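Novice: Sharing a sequence plus its predicted fold:
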Amino acid sequence: MFLFCGRRSDRMKALLWDEDGFLLLYKRLDNGAFQWPRNEKEARLLSKEQFVWLMQGLSINQPRAIKKKIPSDAI
């Protein structure tokens with residue numbers, strides 16, 4: 001899947017190869033903007049979870065939902 005975002009960052013297009021052709025998806029946020037890289041250094045591969053966050057207009061740098069517990073004897 002390839003993702004494309006315009007300058008205003010409130011609209012995104014996705015291009016996906018489906019066995020017999022391309023599928024074009026379009027999403028527009030009513031309020032807010034997608035977090036989108038502005039240069040090559042900011043570009044990266046996304047996990048499925050990060051992709052869902054991006055599509056919801058959230059930051060892809062979310063903290064973990066469940067924090068790892070540090071054993072008391074390790075402190």
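Specialist: Good, I have the coordinates.
Novice: Got the phi and psi for Leu24?
Specialist: Backbone torsions for Leu24, taken as degrees, to the nearest 10, come to phi -110, psi 120.
Novice: By mean pLDDT, point me to the weakest helix or strand of this protein.
Specialist: Using mean pLDDT, DSSP states H and E, helix 48-55 stands out as the lowest-scoring helix or strand of the chain, at a mean of 83.
Novice: Might you list the low-confidence residue ranges for the protein?
Specialist: 63-69, 74-75 (pLDDT under 70).
Novice: ok, and what's touching stretch 16-26?
Specialist: Residues from elsewhere that reach stretch 16-26, judged by CB atoms under 8 Å, 6 or more residues apart in numbering: Met1, Phe2, Arg11, Met12, Lys13, Ala14, Leu15. For glycine as for every other residue, the C-beta is placed from the backbone atoms N, C-alpha and C.
Novice: sorry, back to before: just the buried residues of the least confident helix or strand of the chain, please?
Specialist: For helix 48-55, the neighbour count (16 or more other CB atoms under 10 Å) marks Gln50, Trp53, Leu54 as buried.
Novice: Select only the buried ones of the contacts of stretch 16-26 in PyMOL?
Specialist: The buried subset of the contacts of stretch 16-26, as determined by 16+ other CB under 10 Å, is captured in PyMOL by this line:
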select buried, resi 12
